[in-house]
Every structure is written in structure tokens, then in C-alpha cells.
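K.L.:
can you look at this prediction? I've put the sequence above it.
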Amino acid sequence: MEKEKENLTPRPLFIFLFLLFEVLVVLFTPFRFVSALVILLLNLLGIRYWFKLKQWLTIKNREKIQQASTVAETNLAYVSEVMPVGVIAYQPTSQKIEWLNPLALTIKDQSGLTEEELLEVFFNAKEKKKKQVYLADKTFQFEMDTVKGVIYFNDITQNQLLKLHQINIQPVIGIVSIDNYADAIDKLDDKEISYLNSFITTLVSDWMNEYHVFFKRINAERFFFVSQMADLKKMMDKKFDLLDRLRAEAERQNLPITLSMGIAYGQESLAEIGSEAQNNLDIALVRGGDQVVVKELREGAKPVYYGGKSAKSVKRTRVRSRAMSTALRKIFDETGDVFIMGHKFPDMDAIGSAFGVSCLARFNQKKAYVVLDETEIIPDVERCLEEIHKHPELEAQLISPKRAMELKKEEDLLVMVDYHKPSLSISQSLYEQFDKIVIIDHHRRGEEFPSKPLLTYIESSASSASELVTELIQYQSNRTNRLDRFEATLLLAGMTVDTNSFNVRTTARTFDVASYLRSCSADASLVQYLLSSDLETYLEISHLIAQSEYVTSDIVVAAGTDEKEYNSVIAAKTADTLLSMININGAFVITKRTDGLVGISARSSGTINVQVIMESLGGGGHFTNAATQLEGVTVEETKQRLLAAINENRNQLYDKE
């Protein structure tokens with residue numbers, strides 16, 4: 001409109017030239033008066049026409065504006081009243097609703113909320129960084145302009161239902177394994193075996209039929225089932241109560257069996273889901289059995305654990321130990337030098353098992369190195385190192401992580417002892433240099449694990465890594481290859497530490513292995529010296545015990561302070577000392593560590609699953625021996641987290657309920 005007005009306005013130059021033309025016409029015509037009169041009349045008519053045209057254009061533009069306004073008002077009314085979009089206008093300063101469109105008003109009435117409550121729902125969701133709200137049994141996605149004070153929201157209930165349906169029909173594959181089945185039928189006749197098979201089939205099939213899943217018995221000790229995610233959710237809601245049913249019935253009939261499951265689901269192919277289910281079953285078994293491992297098949301997904309209430313559900317066999325010894329010998333034949341590494345701040349079990357593996361390397365004519373950072377050791381290991389330095393052939397095997405990286409060649413092998421989490425390595429950068437890895441551990445397998453180890457020997461039923469390594473040595477020793485006396489002493493010290501002087505986590509195999517080490521001239525008096533405490537350590541342990549308090553009738557927690565730092569040995573010995581007292585079946589000791597972290601050392605007499613608690617706090621370990629380390633928290637904050645974890649997992653703490 002402004003441009004049209006500008007076009008109608010005469011230009012000064014044009015007016016000047018036009019007037020000059022008129023003057024010349026008047027001066028050079030013979031009838032000057034008549035010419036002047038005619039020109040004046042024409043000018044008046046032109047001016048009148050110009051004003052009329054300008055007025056007409058102004059009226060036309062006003063009509064256009066009115067028409068556009070009418071269209072805009074009509075469209076706005078359609079959007080605000082007819083379109084399925086809720087609109088709320090509010091005063092940004094006072095946060096009072098000024099206007100609601102019909103849909104927003106309907107939703108407010110259906111939800112039974114006041115205007116203030118309705119506005120609060122959106123503000124609470126925005127504060128929690130959510131883009132959705134639930135109102136009047138529907139889900140709405142919203143956008144909020146806090147500057148202009150406007151909220152727009154639309155109904156996405158159908159989309160959510162479609163997504164939920166898509167999730168619920170995801171394929172699920174599960175593999176069920178009967179733990180210790182071979183041991184259970186070992187001394188049974190055919191009739192009793194038939195009865196046992198019928199008992200297992202009936203119990204499992206009744207449970208499967210409750211969830212309407214397809215299943216088949218693959219062999220005597222394995223079942224396979226296929227279901228949908230909706231069925232799996234129901235199983236998870238009941239925490240796979242088949243575990244408790246089978247355990248209770250088996251105990252009533254004096255049968256040494258439990259059950260484990262590996263379950264996987266996702267959007268991938270059935271072949272990939274089935275492979276993941278098998279892997280999850282393997283994890284359940286190496287964690288001790290009597291549990292279920294569920295994991296979605298997608299990158300970054302974490303497994304979920306159920307059960308694990310039994311500390312002795314899976315028994316390792318001598319056949320498996322012999323097979324592992326044979327497999328390890330074959331790996332040694334195909335690799336170069338052997339590097340052996342334990343966890344950070346290694347204890348006697350890590351040291352003993354490391355030198356045990358070096359002995360196996362010697363049996364196979366391989367050069368072995370034990371990686372140790374002598375700046376990060378505990379008092380017990382300090383005494384041990386003093387003794388190792390008295391044996392030149394063993395001292396020569398000790399190297400630092402830096403030296404190990406200098407010596408490492410492409411064909412060399414890394415053996416991880418007494419741990420399986422790469423982040424717990426004495427040197428994670430050294431760990432990352434190796435493609436060939438062997439794991440020997442007795443802790444229940446956690447989520448963090450090397451991607452493709454050549455050999456995994458994890459037996460959570462074993463008392464210690466030293467016990468596992470000693471068994472491997474037994475199958476390779478002969479007249480030529482014999483275990484040295486001091487090496488046997490180190491292995492016995494490792495077993496003594498992790499069994500609290502053979503008071504917990506012991507089996508008949510444990511004592512058999514200890515007997516073998518004694519037959520190899522292991523020095524019990526030297527073991528006692530290596531594991532003894534000085535007066536200062538004893539006083540620090542006593543101080544921590546004085547701070548202990550009961551959480552339940554048989555669980556105690558002892559906590560230090562943020563000002564006082566303790567090494568991991570003191571915390572562990574404090575927990576062991578508490579456990580030796582009457583009516584205490586579980587002990588947790590919280591201390592500020594020398595590395596700045598806050599650590600929890602957990603011990604159990606065997607009736608309480610302390611590993612469940614430590615896993616919930618980011619740690620792990622064994623059913624009766626576990627730990628975790630937390631960063632950026634105080635001792636008191638750690639204590640509150642621990643108490644909350646104990647309360648949340650109380651139903652999974654005890655071996656028997």
C-alpha cells in the first residue's frame with residue numbers, strides 16, 4: 001500500500017518540467033489569455049482526478065486489509081477451536097491462565113483439575129525436561145513458550161499405544177538349564193531318573209503354560225521357549241518365581257538341583273536373539289546358577305539379574321578342571337611370552353594365583369612375567385614382596401606395567417587372575433595392548449567383560465583364584481614339573497585369605513587343594529606371618545568395629561570418616577572380624593580409601609548374598625565376598641546408599657527365605 005501511494009505522488013522534477021512546459025506554451029502561442037485559461041482548467045481537472053484516484057486506492061487497500069483480517073480470524077478460529085490441538089494462554093509473570101481453547105477446556109474438565117493444577121502439570125513436566133503429560137486417560141505431547149505464555153499440546157495416545165504394541169510383540173527367546181543335573185542322577189537308578197525327569201518336566205511345563213508360551217525340552221537338562229515381550233514382562237513382574245518353586249520342591253525331596261535361564265529379546269533376527277540368549281545363560285551359570293539373566297539385544301543394553309539366592313547351586317567337576325588345564329596348555333603352545341596381571345591393589349589371592357600361572361608357563365617352557373605396580377600395594381603384599389625378593393628366580397619375573405609394555409610382542413598372552421573387569425586392571429592401558437587374553441577368576445561374572453577372551457575359567461563356587469590355579473597345576477605336574485615350595489606357600493596364602501582361614505566359602509575340593517599344597521611343602525608358618533597384622537592395623541580395625549551398628553538382626557555396618565583414610569586390607573579384615581562374632585551373618589565396612597575413593601567391603605557367612613548389594617552399587621564379587629568403590633561421595637552418603645540398597649534388595653539377600 002505504501003508503494004502504491006508513493007507511485008501516486010508527483011515527483012518534484014516532473015512537476016517542474018510540466019510547469020515549464022505550460023509557461024512556454026502560454027508565452028509562444030498567439031492567444032496567451034485563452035491558453036493560460038485552458039491550461040489552468042486542465043490543471044484543476046488533473047488535481048481533482050488525482051485526489052479521486054488516491055481516495056479510491058485508499059478505500060481499496062482498506063478493503064484488502066479487512067478481507068485479510070477476516071481470513072486470518074477465520075483460520076485462527078479454526079485452528080484454536082476445530083483443530084485437535086490444545087492451546088493455553090497464561091500470564092508469564094503471575095502464571096495465571098487467561099484463555100483456553102475448546103480442546104484445552106474439555107481436557108481440563110475431563111481431568112477434574114483446576115486451572116492452577118492444570119498449569120502446574122505442564123510446568124512440572126517441563127522442569128523434569130519431559131515433553132509429554134498424562135491427562136484425562138490420554139497422553140499429550142506439548143510445547144511451551146514461557147516468554148509469550150502459551151502452551152500447545154496434541155493427543156499422541158494412539159501413537160503411544162502403537163509403540164507399546166510394537167514393544168509387546170517383540171520376539172523373546174529363552175533357554176532353561178537344570179543346574180547340577182548330572183550330579184543329581186549320578187547315583188540314581190533308571191526308575192528314579194525317570195521320576196526326576198517327570199518332576200522337572202511337570203514343574204517347568206506348568207510354569208510355562210501360565211504364560212502361554214511355546215516351549216520344548218531339548219534334552220534331559222535343557223528347555224527352550226519362545227514368547228513375546230508382553231509374556232516376559234509378566235515373568236519379570238513375578239521375578240521368575242519358577243526359581244523359588246523348583247528350589248523349594250528340590251529341597252523338600254532332597255534333590256541337589258536348581259534352575260538357570262538365559263533370555264534375550266529385541267528387534268534383531270531370531271538367530272541373533274537366540275545367540276544372545278545362550279550367552280546370557282552362560283553368564284547365569286558362571287555367576288553360580290540358580291538365577292535368570294535377561295538382556296535386550298541392542299547396543300548399550302545392560303543385563304538384568306533375577307535370583308542368585310543360592311551360594312552353592314553349581315558344582316564344578318574335575319572333568320571341567322582337567323579340560324581347562326588341557327585348553328590352557330594348548331593356548332600356551334600357540335602364543336609367545338605370558339604376562340600375568342591381577343587387579344588393582346592386589347591381595348594375596350591375586351599374587352598367589354599369578355605366581356601359580358607363572359608356574360604353569362614354566363611347565364610349558366614359556367617365559368612368564370608377573371605385572372605389579374609396587375607403588376600401589378597393601379601391607380600384606382609388602383611383606384610378601386620382601387619374601388619374593390629372597391628368591392631371585394621369582395623376583396626376576398616381577399615387572400612394572402611400563403616395562404611390560406616395552407617387552408610386549410604381538411603374539412604374547414595376557415592372563416587375568418582373580419578378576420575379569422578390565423577397569424580393575426593394575427594397568428588398563430597394558431590390558432588394551434593385548435588381543436590374546438585368558439581369564440581365571442572365582443567372582444561372579446559381571447556386565448563388564450573382555451570382548452573375545454581365548455579362554456574363560458570362571459568358577460564362582462571356588463573359594464579363590466588360587467584354588468582354581470592349583471587344580472590346573474595338579475593336572476600338569478609330574479616328576480619333571482613340580483610346584484616349588486615357596487610357590488605352594490603363596491597359593492596357600494591366597495586360599496587362606498579368601499576363605500578367612502578356611503571358615504567360609506569352603507568345599508571338599510578346597511580342602512583337597514589345600515592338602516595338595518601342603519604335600520608340596522607349603523609353609524603354614526610363613527602363611528601366618530604374611531597374613532598377620534601389626535599393632536597399628538589391629539587398633540585401626542578395633543576403631544572401625546567400635547563404629548559398627550546393626551541394620552537388621554544379623555547384618556551390621558561399620559563406617560569410618562572422611563578425614564581418616566584406610567587401605568583395602570584393613571576394611572576387609574574388619575569385615576572378617578565382625579563376621580567371626582556370634583549372630584552376625586553379614587558385615588559391611590565403609591572407609592575412605594588411600595586412592596581417594598570411598599570403598600565398601602562386604603562379607604557374609606554364606607546365608608546372605610552380599611554380591612547382590614554390591615552389584616546394585618556398581619560393584620560385584622562373590623556370594624559371600626564382594627566390594628565396590630564410589631567416586632565423588634562422602635562416607636555418610638555412601639552409608640545412606642548402602643542402607644537403601646539393603647532395604648530394596650532385602651528379599652534377595654538370604655539363601656533361604
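P.N.:
Yep, it's here. Numbering: from 1, shown residues only.
K.L.:
from now on I want contacts and neighbour counts done on CA atoms only, so please keep to that.
P.N.:
Fine.
K.L.:
go through the helix or strand harbouring Asp109 and flag the buried ones.
P.N.:
Per DSSP states H and E: Asp109 is located in helix 102-111. Within helix 102-111, the residues that count as buried by 16 or more other CA atoms under 10 Å are 102-104, 107-108.
K.L.:
what average pLDDT does that helix get?
P.N.:
Taken as a whole, helix 102-111 has a mean pLDDT of 82.
K.L.:
after that helix, next one along is what?
P.N.:
As assigned by DSSP H and E, the chain's next helix or strand after helix 102-111 is helix 115-127.
K.L.:
the very next helix or strand once past that following helix packs against which elements?
P.N.:
For helix 115-127, the following helix or strand on the C-terminal side (DSSP H and E) is strand 132-135. Other elements packing on strand 132-135 under the criterion 3 or more CA pairs under 8 Å, 6 or more residues apart in numbering; DSSP states H and E are helix 115-127, strand 138-145.
K.L.:
for Ala626, which of these is the nearest?
P.N.:
Of all the helices and strands packed on strand 132-135, helix 115-127 sits nearest to Ala626, with 38.6 Å by CA to CA.
K.L.:
by contact count, what packs against the closest one?
P.N.:
So helix 115-127, by 3+ CA pairs under 8 Å, 6+ apart, packs with strand 97-100, strand 132-135.
K.L.:
could I get those strands as CSV with mean neighbour count and distance to Lys452?
P.N.:
Output for these, formatted as CSV (neighbours: other CA atoms under 10 Å; distance: least, CA to CA, whole Å):
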stretch, mean neighbour count, distance to Lys452
strand 97-100, 16, 60
strand 132-135, 17, 42
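K.L.:
next, give phi and psi for Phe623.
P.N.:
With angles defined as degrees, to the nearest 10, Phe623 sits at phi -50, psi -40.
K.L.:
got JSON lines for the helices and strands packed on helix 115-127, with distance to Lys564 too?
P.N.:
Converted to JSON lines, the helices and strands packed on helix 115-127 look like this (distance: least, CA to CA, whole Å):
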{"stretch": "strand 97-100", "distance to Lys564": "56"}
{"stretch": "strand 132-135", "distance to Lys564": "47"}
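K.L.:
quick one on the thing from earlier: which of the helices and strands packed on strand 132-135 has the highest mean neighbour count?
P.N.:
strand 138-145 (a mean of 16; mean count of other CA atoms under 10 Å).
K.L.:
okay, that strand in PDB with CA atoms only?
P.N.:
Provided in PDB are the C-alpha atoms of strand 138-145 (Å, rounded to 0.1, in the frame of the first residue of the first chain):
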ATOM      1  CA  LYS A 138      -4.600 -39.700  27.400                       C
ATOM      2  CA  THR A 139      -1.000 -38.900  26.600                       C
ATOM      3  CA  PHE A 140      -0.200 -35.400  25.200                       C
ATOM      4  CA  GLN A 141       2.900 -34.100  23.700                       C
ATOM      5  CA  PHE A 142       3.400 -30.400  24.400                       C
ATOM      6  CA  GLU A 143       5.500 -27.300  23.600                       C
ATOM      7  CA  MET A 144       5.700 -24.300  26.000                       C
ATOM      8  CA  ASP A 145       6.700 -20.700  25.200                       C
END
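K.L.:
and it, how far out from the chain middle?
P.N.:
In terms of CA atoms, centre = their mean, to the nearest Å, the centre of strand 138-145 is set 31 Å apart from its chain centre.
K.L.:
who does the helix or strand following that strand pair up with?
P.N.:
As assigned by DSSP H and E, the chain's next helix or strand after strand 138-145 is strand 150-155. Using DSSP bridges, strand 150-155 pairs in its sheet with strand 85-90 (antiparallel), strand 138-145 (antiparallel).
K.L.:
buried stuff in strand 150-155?
P.N.:
Buried positions in strand 150-155, judged by neighbour count with 16+ other CA under 10 Å: 150-155.
K.L.:
among those residues, which two are most distant?
P.N.:
Among these, Val150 and Asp155 lie farthest apart (CA to CA), at 17.0 Å.
K.L.:
pLDDT below threshold where in this structure?
P.N.:
1-38, 57-83, 309-316, 653-657 (pLDDT under 70).
K.L.:
residue contacts, the spatially most central residue of it?
P.N.:
The chain has Lys302 as the residue nearest its centroid, 4.8 Å off, counting by CA atoms, centre = their mean. Lys302 makes contact with 295-296, 447 under the criterion CA atoms under 8 Å, 6 or more residues apart in numbering.
K.L.:
which SS class is it?
P.N.:
In three-state terms, and counting by DSSP: H, G, I helix; E, B strand; the rest coil, Lys302 is coil.
K.L.:
relative to Ile426, how far out is it?
P.N.:
Distance, Lys302 to Ile426, by CA to CA, to the nearest Å: 25 Å.
K.L.:
I'd like to know which of the helices and strands packed on helix 115-127 is closest to Leu41.
P.N.:
The nearest among the helices and strands packed on helix 115-127, by CA to CA, is strand 97-100 at 61.5 Å.
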